[in-house]
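Participant: can't give you the sequence, but here's the structure:
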């Protein structure tokens, strides 16, 4: 692909992070993320509050990103924004801002699928200039709302070959964390406590789902019943066994994920494996994937922490490749809370 002096502004507002980033010819210039602390009070994301916070944060986030990138608005060639999936109110804030700015500057709009962007985060060029995955590769995308195994044949050619039929892995982490009375977001807390626990202490069931699909709702329910039964015997059971519970839950979720990934690699014959999505920041998942890669002689790619959770850099890099492919959006296109590719 030929590319020269193409600057993309990316805007991400699908959930509870307001983010703006600029990428020039694939290289990151700035990636600003405004987090929303208010949801911690409620133990989960409140959509209405998220939308209001996006409205407050989006203008300063874009302004700071442009300043940090040492650019002006006239240097921007196109604006990429998250069209979905996500919270509708949150998506509308980002989409409306992107449309208005693109209209004012008379530059193209680019619509980005949030999960495709997580995968293409591997192609962001920064000062470290790490090796990039070679096509084709398999990507395990694990986030709060999605768990997928995706076959990636090119930047914009992807196919989901396995996905969750109910809860996602990230939801399982957060819901179990709530049962364990951990603060929100619970996933990082489970990861932190698991490092001090015995992962073999408690055994939880692995759902037997056909093909390459996942299911986590049954696991969540079995953990709920287990905790209810144990606290009847000992009211302080959770507090006395918190680290071991976290380690055992984390091991179970990771084993489910990696067993399906191993099956996918065997079926497809692909040994280049990537990890993406918010849960890819989990240290246990990263470590176990590295061990499995050594065993199976996989070539693996794990994103930097700043590109794991929701961020606009991944939106901008996807916008960059769509720009090269002349894949532009339209002012009348609405966001989708549920958006497939």
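Facilitator: Here it is on my side, so go on. In this text the structure is predicted, and so the values were computed from the model without any measurement.

Participant: which residues of this protein fall in helices?
Facilitator: Along the chain, counting by DSSP state H, helices occupy 47-68, 88-105, 114-120, 169-179, 186-194, 217-233, 237-240, 242-268, 283-296, 312-324.

Participant: turn the ones you listed into TSV, including mean neighbour count.
Facilitator: Any C-beta I mention is one placed from the backbone N, CA and C, and that applies to glycine too. Output for the helices of the chain, formatted as TSV (neighbours: other C-beta atoms under 10 Å):
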stretch	mean neighbour count
helix 47-68	18
helix 88-105	20
helix 114-120	27
helix 169-179	23
helix 186-194	21
helix 217-233	14
helix 237-240	14
helix 242-268	20
helix 283-296	15
helix 312-324	28
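
Participant: so residue 145 sits against residue 166, correct?
Facilitator: No. Contact criterion C-beta atoms under 8 Å: residue 145 and residue 166 do not qualify, at 11.7 Å.

Participant: quick one, grab the pLDDT at the spatially most distant residue from the centre of the chain.
Facilitator: Ranked by distance from the centre of the chain (C-alpha atoms, centre = their mean), the top residue is residue 233, with 38.7 Å. Confidence at residue 233, expressed as pLDDT, is 96.

Participant: what about it, distance to residue 248?
Facilitator: Between residue 233 and residue 248 the distance is 18 Å, computed by C-beta to C-beta, to the nearest Å.

Participant: and residue 30, by the same measure?
Facilitator: 41 Å.

Participant: which of residue 145 and residue 166 has more residues huddled nearby?
Facilitator: For residue 145 versus residue 166, neighbours defined as other C-beta atoms under 10 Å are more numerous around residue 145 (19 against 16).

Participant: skipping adjacent residues, who's closest to the more buried one in space?
Facilitator: residue 168 (5.4 Å; C-beta to C-beta, 6 or more residues apart in numbering).

Participant: do residue 241 as well
Facilitator: Once flanking residues are discounted, residue 241 sits nearest to residue 201: 7.4 Å by C-beta to C-beta, 6+ apart.

Participant: how near is that neighbour to residue 194?
Facilitator: Distance, residue 201 to residue 194, using C-beta to C-beta: 11 Å.

Participant: find residues that contact each of the two.
Facilitator: residue 247 (C-beta atoms under 8 Å, 6 or more residues apart in numbering).

Participant: looking at it, the residue nearest to residue 145 is touching residue 143, isn't it?
Facilitator: Yes. Between residue 168 and residue 143 there is a contact under C-beta under 8 Å: 6.6 Å.

Participant: tell me the centre residue of the protein?
Facilitator: Short answer for the chain (C-alpha atoms, centre = their mean): residue 277, at 2.5 Å.

Participant: that residue contacts residue 142, correct?
Facilitator: Yes. Residue 277 is within contact range of residue 142, at 4.5 Å (criterion: C-beta under 8 Å).

Participant: identify the contacts common to the two.
Facilitator: Joint contacts of residue 277 and residue 142 (C-beta under 8 Å, 6+ apart) are residue 170.

Participant: find the nearest non-adjacent residue to residue 86, please.
Facilitator: Leaving aside its chain neighbours, residue 86 sits nearest to residue 14 (2.9 Å; criterion: C-beta to C-beta, 6+ apart).

Participant: now for the closest residue to residue 47 other than its chain neighbours, how many residues are close by?
Facilitator: In space, and not counting its chain neighbours, residue 47 is closest to residue 87: 4.7 Å by C-beta to C-beta, 6+ apart. For residue 87, the count of nearby residues is 23 (other C-beta under 10 Å).

Participant: now do residue 87, the pLDDT please.
Facilitator: 95.

Participant: look up phi and psi at it.
Facilitator: Dihedral pair for residue 87: phi -80, psi 130, per degrees, to the nearest 10.

Participant: spit out the contact partners of it.
Facilitator: Contact analysis of residue 87 by C-beta under 8 Å, 6+ apart lists 14-15, 45, 47, 50-51, 337.

Participant: pLDDT weak spots in the stretch 1-150 of the chain?
Facilitator: Along the stretch 1-150 of the chain, segments meeting pLDDT under 70 span 1-3.

Participant: try 50
Facilitator: For the stretch 1-150 of the chain, the stretches with pLDDT under 50 are 1-2.

Participant: now do the phi/psi pair for the residue nearest to the centre of the chain.
Facilitator: phi 100, psi 170.

Participant: quick check: the gap between it and residue 90.
Facilitator: 18 Å.

Participant: over to residue 240?
Facilitator: Residue 240 is 39 Å from residue 90, by C-beta to C-beta.

Participant: same check, this time on residue 283
Facilitator: 28 Å.

Participant: mind giving me the domain ranges of this structure?
Facilitator: 7-128+307-324, 137-303 (automatic domain parsing).

Participant: what's the closest of those domains to residue 330?
Facilitator: domain 7-128+307-324 (7.0 Å; C-beta to C-beta).

Participant: any idea how far apart the tips of that closest one sit?
Facilitator: One end of domain 7-128+307-324 to the other measures 11 Å (C-alpha to C-alpha, to the nearest Å).

Participant: for residue 278, what are its contacts?
Facilitator: 142-144, 170, 187, 308-310.

Participant: just checking, residue 248 touches residue 202?
Facilitator: Yes. Under the criterion of C-beta under 8 Å, residue 248 makes contact with residue 202 at 3.9 Å.

Participant: what comes up buried for stretch 10-24?
Facilitator: 10-24 (16 or more other C-beta atoms under 10 Å).
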